[in-house]
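# how does the following fold in three dimensions:
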Amino acid sequence: MTDRATLLTSFLASSGFLEVERKNLAGDASNRRYERLHLADGSTRVLMDAPPSKGEDIRPFVNIARHLQSLNLSAPAILAEDAANGFLILEDLGDDLFARVVQADPSLETQLYQAAADVLVTLHQAPAPSDLLSYSPKVMAEMAAHAWRWYRRGCGLEFEQSAQNFESKFETILAQNVPECDVLIQRDYHAENLLWLPDRNGQARVGLLDFQDAMSGHRAYDLVSMLQDARRDVSPDIEREMIAYYIQQTGQNADDFDAAYHLLGLQRNLRILGIFARLSMHFNKPHYVDFIPRVWGFIERDLAHSVSARVRDLIATDLPAPTPEILQSLRDQCGTVPTL
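Residues are numbered from 1 along each chain as shown. Now for the predicted structure:
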């Protein structure tokens, strides 16, 4: 038995879950691993195995989960924890991810997305926890530059000097248009991290997952995450309706919010473009390359907005469109780039 397995056995024993049936659950892009625990009474729990030796830390997840629960939002309850070794036993919120529910019954799309927008309305009525890091214009510009340091690099082009040039210009634009960092942003608020819980009421009908990287940021950011989804197509009608619904519910200035939405969409999708290239080239996960054409479509759409005018030509010059040849090149470099 490995040292990690021994630690896990000890944790399960101390928390009363040793003598249960365990089945693997699908993981995510991180080093975390999940199992479903089947109890003798027919109920289930979820085990999170997040090795600190691989850079994982469960404490942010626990802290954010408890904050969300304090707002009557459906983050999974923490039933047992071992922060030092990276183990959690969580409430099992089920398997009804938004992506699956809408695929099975497209007529539910509006209802689900409006419920998810209501979660954001509720969340944004509360100040962000004071200990969150800030998703500031500087940080956002650095994150967006992943598109240069990974995607542009994967295209065989010089990347560091051009990345620095972009960062400087983009930070200025972000600071002028979206400087606010006053709400908690979950950062990966999309249909494969949201669960439909129709037996609950109001905003509690949306189960929340994968929020451990939360920061304080602009209130349009999670709406972008939800509506400009890298993994599935959200209908244009739903996108327009949900933006208008959020504005109506929160009293935002429509023109300012629309500009913020598209600028943050550009920032987020540039970041994702770089992250997906990195997941293939560094982490040996080439299937993320398949999502790049959709991400590129969002970049083009957000660049068309007037708020992006000052970086439009720069991005068009620096970042080649993801042709089949470029996408294949990113796959061919799978797992070959150890570091920047």
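
# and the gap between the spatially closest residue to Arg187 that is not a sequence neighbour and Leu93?
Leaving aside its chain neighbours, Arg187 sits nearest to Asp213 (5.2 Å; criterion: Cβ to Cβ, 6 or more residues apart in numbering). All C-beta spots, glycine's among them, are computed from the backbone N, C-alpha and C. Relative to Leu93, Asp213 is positioned 19 Å away (Cβ to Cβ, to the nearest Å).

# same check on Gln267?
30 Å.

# what's the answer for Ile238, then?
Using Cβ to Cβ, Ile238 is found at 23 Å from Leu93.

# ok, Ala230 next?
Per Cβ to Cβ, Ala230 is found 22 Å from Leu93.

# tell me the confidence at Leu90?
Leu90 is assigned 97 on the pLDDT scale.

# isn't His305 right up against His262?
Yes - with contact defined as Cβ atoms under 8 Å, His305 reaches His262; the gap is 3.8 Å.

# these two: who's more crowded?
His262 (23 against 16; other Cβ atoms under 10 Å).

# now do the contacts for the more buried one.
Arg301, Asp302, His305, Val307, Ser308 (Cβ atoms under 8 Å, 6 or more residues apart in numbering).

# neighbours around Gln125, how many?
10.

# residue contacts, it?
Listed by Cβ under 8 Å, 6+ apart, Gln125 has no contact partners.

# show me the contacts for the most centrally placed residue in the chain.
Residue closest to the mean C-alpha point of the chain, counted by Cα atoms, centre = their mean, is Asp188 at 1.6 Å. By Cβ under 8 Å, 6+ apart, the contact set of Asp188 is Asp210, Phe211, Asp213, Ser225.

# buried subset of those residues as a ChimeraX selection?
Of these, the buried ones go into a single ChimeraX selection, burial set by 16 or more other Cβ atoms under 10 Å:
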select :210,211,225
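
# just the ones in helices from the contacts of Asp188, please.
Of the contacts of Asp188, the ones assigned to helices by DSSP state H are Ser225.

# now do the buried residues in stretch 212-219.
Gln212, Ala214, Met215, Ser216, Gly217, His218, Arg219.
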